[in-house]
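**Q** no sequence for this one, just the structure:
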């Protein structure tokens, strides 16, 4: 069965470039492109589900591509099969959505997806790198053709080249000195010593960059802000998951089961910082897509925390805890993909209809597109991890794992856990604030711009895609057991984990993770049923005993007289996106984001406007990305200077290099 | 099982009936301490009935969120309060009575109200939504910092099991519990001061924070919000009582003949404790000691510190059960 799934996924990986090629050869509006993408997505989902549920050992195949040393090797095990689910979901949803999209999808998009599939199926270092770089270059091509996206797409390409380089060097350092760089070789002969340590650190760097973990996250918001919606959906919902897959593959599989406890520390720190920073930025970004990107950074941070917990628990031989943390991570991956796809596609539809991505121009869309808003609300509830929604399950498991680790004894680890609980709780509160702002400003209230006031409803297939995603989210929210059934074989297949435990919302022993028999998976159903019963009962009571019909009247805007040309009242009488986030900025922004606020008040000698202005900057941008950019400029200036050297200096340089190399070789001989 | 179901129904009925009366008691105590007469004890109930009979008026541009939010708010609070034990342990909802679930349900209600306030499209609504979401950044970590020491002590985040642990004779350290109770009191003070109890001495601007959320509501919408407010305050009281003084609560005793007697004692004790808490809050309100809008983050910060200290104490000493 696993072989069948592998061949299905391989077929998809081959069909997708053909689709891209055909798209390049044809022009105009191509219906078959989104349709083909949706079908490929469905096939990937099928392959993933078969691969996970079959749960067998790794199926491997070698393609006759490339030199013998660098031959493409593909394999499928439950972990990679599970990782096929986000790209499958992404392709299916984007394809369905794009059939009625306002502008045709980019022809490079199938190539991005093909790169992802190759990365996930890769069974040696070369194939992995090939897939990653195909994905990066194709995604760059999608973005670079957009107006105003030049800087962001260059940043994206640069970031992914660095990530790829780090992964390449890191994985090669981990590989045994003799033989090919296949995963089997790395797995069976783990290199010990500084090579392995440096290699793992480089993999952490590369994977962290790709997954948008804390100090390496600033590439996400600008690329999201400028990329087309379908690319944003892939960038936000699938791309970080691919990088995360690489991290999990290396840290849980290739590095062997005896990894030191200390490797969880950088993941924990990066995760907690990323969660807080990302969610905070999601409250502040003025643009709907970059706010969603910031939300992705936050969620990747929480996922990284669970990854760290699982690593630490495995190192301490707390099998139940490691299993719990890993399932939290896998469910979070699934939830995040579903949520981010709905949010990005919904926001894309809305902003395309309203003609702007700035929150300040949207508003009042809930009346024009109620189904879309409802789907967005379902996704937002899941994104904030609130109880009956699916997102609550992984979050609950994350907190249980944190509490469990805090009980594991010692002093350093529990204190770290307490701090992480604090930061994660704050991040989740910020996440709900961000979602309230996104939906409350973007979709509710009165229209803030002319485009929003005249926005047309998106096409039926777009609504179908969103409703389908919301439906999956609701079903999984009611039956988290179903999602867990997909996570279990993955955990059981990882080395060093036994993966035996019961899950439930009920009475949970924190340390040992022992739960009473009798299955608690009906609890989400019970809570949802109770909520529905109370709502129905109160409606019935009001209908029988009171007045249920609502009368509508114009809004009270403080007595101001609305100019006749503003059909929906003066938008300035509503709160703005910046003002909504102002208390958050005041309380947390000063320390974390170096925020500056200023208010221009009305004075007799100035034009009669009161203006609130705020500025903030991401510390990662200030302390890491800006200096790196300056360094790059300095380097290129230096290379320029090198170029203008006279001939004899150049010859001298060549001679010096030769001498250095000869000396190096002699040192190696001796 | 039967017993658990009967207890759940009794508990729900009791909560629904008592919640507005508790609000009435607070108002009366506050009025008497200010040497005023105060309204009737049942005035909150009368208000609710009057509101249900009136026709609601809504802003012209609202969407379905405006109608759905009060119902969702009310339903989340009702569900949450059905999970918090009052006079008996091991109710039918006990397996679901996870503190994280309860906190999540409250957050869901809060978020739906904020969305509704933004949907009304007025400036005041937006400001209220902004402040509510800002307060949540401190309220949720504070709640987690209460859950952490309790979870460390009892080995679970299930409220029923925690209450059973505290009620049992198992030896447990006093200092962390005192800190937890202090933290919970601070949170409960902040959360219960968010209700729309009429306070004649409060300035418009200070009460605006919470009331502006329901500013655009009338009729049964407002009735659902007000009953939800009452229930929410009662929920925090119940939670505080459960940790502070679980005396008299009906434990697992098998003989059906004495069930009514145990329940009677449990209800009597619970009502007495609620009365004491209501009087305290009334006194707080009367003399203006409650947390004002600007001080609420500081209160919650104090709660976070208390919870963190309790957890650190538990980490340092290895002698927990």
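**A** Structure's in. What do you need? The structure presented is a predicted model; accordingly, all values stated were derived computationally and were not measured. Numbering: from 1, shown residues only, chains lettered A, B, ... in the order given.
**Q** residue in chain B nearest to chain A?
**A** Nearest residue of chain B to chain A (CB to the nearest CB) works out as residue B:126 at 2.5 Å. Where C-beta positions appear, they are placed from N, C-alpha and C, glycine not excepted.
**Q** Just list the residues touching that residue, thanks.
**A** A:445, A:574-575, A:579-580, B:117-118 (CB atoms under 8 Å, 6 or more residues apart in numbering or on different chains).
**Q** if we go to 6 Å?
**A** A:574-575, B:118 (CB atoms under 6 Å, 6 or more residues apart in numbering or on different chains).
**Q** and the next element down the chain from the helix or strand hosting it?
**A** Following DSSP states H and E, one finds residue B:126 within helix B:123-154. Counting by DSSP H and E, the next helix or strand C-terminal to helix B:123-154 is helix B:159-167.
**Q** Could you list every helix and strand that the helix or strand just after that next one packs against?
**A** Downstream of helix B:159-167, the next assigned helix or strand under DSSP H and E is helix B:174-192. Contact here means 3 or more CB pairs under 6 Å, 6 or more residues apart in numbering or on different chains; DSSP states H and E; on that basis helix B:174-192 packs against helix B:123-154, helix B:219-244, helix B:296-316.
**Q** gap between helix B:174-192 and the chain center?
**A** In terms of CA atoms, centre = their mean, to the nearest Å, the centre of helix B:174-192 is found 13 Å from the chain centre.
**Q** quick one, phi/psi of the residue of chain A found nearest chain B?
**A** With CB to the nearest CB, the shortest gap between chain A and chain B falls at residue A:575, namely 2.5 Å. Backbone torsions of residue A:575, given as degrees, to the nearest 10, read phi -70, psi 150.
**Q** Tell me the pLDDT of it.
**A** Turning to residue A:575, the model gives it a pLDDT of 87.
**Q** do residue B:275 as well
**A** pLDDT for residue B:275: 93.
**Q** how about the nearest residue to it, chain neighbours excluded?
**A** residue B:25 (6.8 Å; CB to CB, 6 or more residues apart in numbering or on different chains).
**Q** Okay, the one you found and residue B:245: tell me how far apart.
**A** 18 Å (CB to CB, to the nearest Å).
**Q** Which one's more surrounded, those two?
**A** Set side by side, residue B:25 and residue B:245 show more neighbours around residue B:25, with 21 against 16, by other CB atoms under 10 Å in any protein chain shown.
**Q** Regarding the more buried one, what is its secondary structure?
**A** Following DSSP: H, G, I helix; E, B strand; the rest coil, the label given to residue B:25 is helix.
**Q** mind checking how far it is from residue B:272?
**A** From residue B:25 to residue B:272 the distance is 12 Å (CB to CB).
**Q** do residue B:43 as well
**A** Counting by CB to CB - residue B:43 and residue B:272 are separated by 22 Å.
**Q** quick one, what contacts the residue of chain A closest to chain B?
**A** residue B:126.
**Q** ok, 7 Å please
**A** B:123, B:126-127, B:130 (CB atoms under 7 Å, 6 or more residues apart in numbering or on different chains).
**Q** would you turn these into CSV with distance to residue A:82 and pLDDT?
**A** CSV is the format used below for the contacts of residue A:575 (distance: CB to CB, whole Å; pLDDT from 0 to 100):
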residue, distance to residue A:82, pLDDT
B:123, 48, 81
B:126, 42, 86
B:127, 45, 85
B:130, 40, 88
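**Q** Please list only the buried members of these.
**A** Neighbour-count burial (16 or more other CB atoms under 10 Å in any protein chain shown) is assigned, among these, to B:123, B:126-127, B:130.
**Q** buried sites along the helix or strand harbouring residue A:185?
**A** Assigned by DSSP H and E, residue A:185 falls within helix A:183-188. Buried residues in helix A:183-188, counted by 16+ other CB under 10 Å: A:183-186.
**Q** that older thread, what distance do you get for the residue of chain B closest to chain A to residue A:94?
**A** From residue B:126 across to residue A:94, the span is 34 Å (CB to CB).
**Q** ok, now residue A:497?
**A** Here the distance between residue A:497 and residue A:94 works out to 34 Å (CB to CB).
**Q** more crowded one of the two?
**A** More crowded of residue A:497 and residue A:94, by other CB under 10 Å: residue A:94, with 30 against 19.
**Q** What sits closest to that one if chain neighbours are left out?
**A** Nearest non-adjacent residue to residue A:94, counting by CB to CB, 6+ apart: residue A:230, 4.9 Å away.
**Q** ok now do that neighbour, which residues does it touch?
**A** So residue A:230 contacts A:94, A:98, A:105, A:109 (CB under 7 Å, 6+ apart).
**Q** Residue B:82 now?
**A** A:530, B:8, B:12, B:93.
**Q** Now with 6 Å, please.
**A** For residue B:82, the contact set (CB under 6 Å, 6+ apart) comprises B:12, B:93.
**Q** Tell me the secondary structure of it, please.
**A** Strictly by three-state DSSP, residue B:82 counts as helix.
**Q** pLDDT score assigned to it?
**A** In this model, residue B:82 carries a pLDDT of 92.
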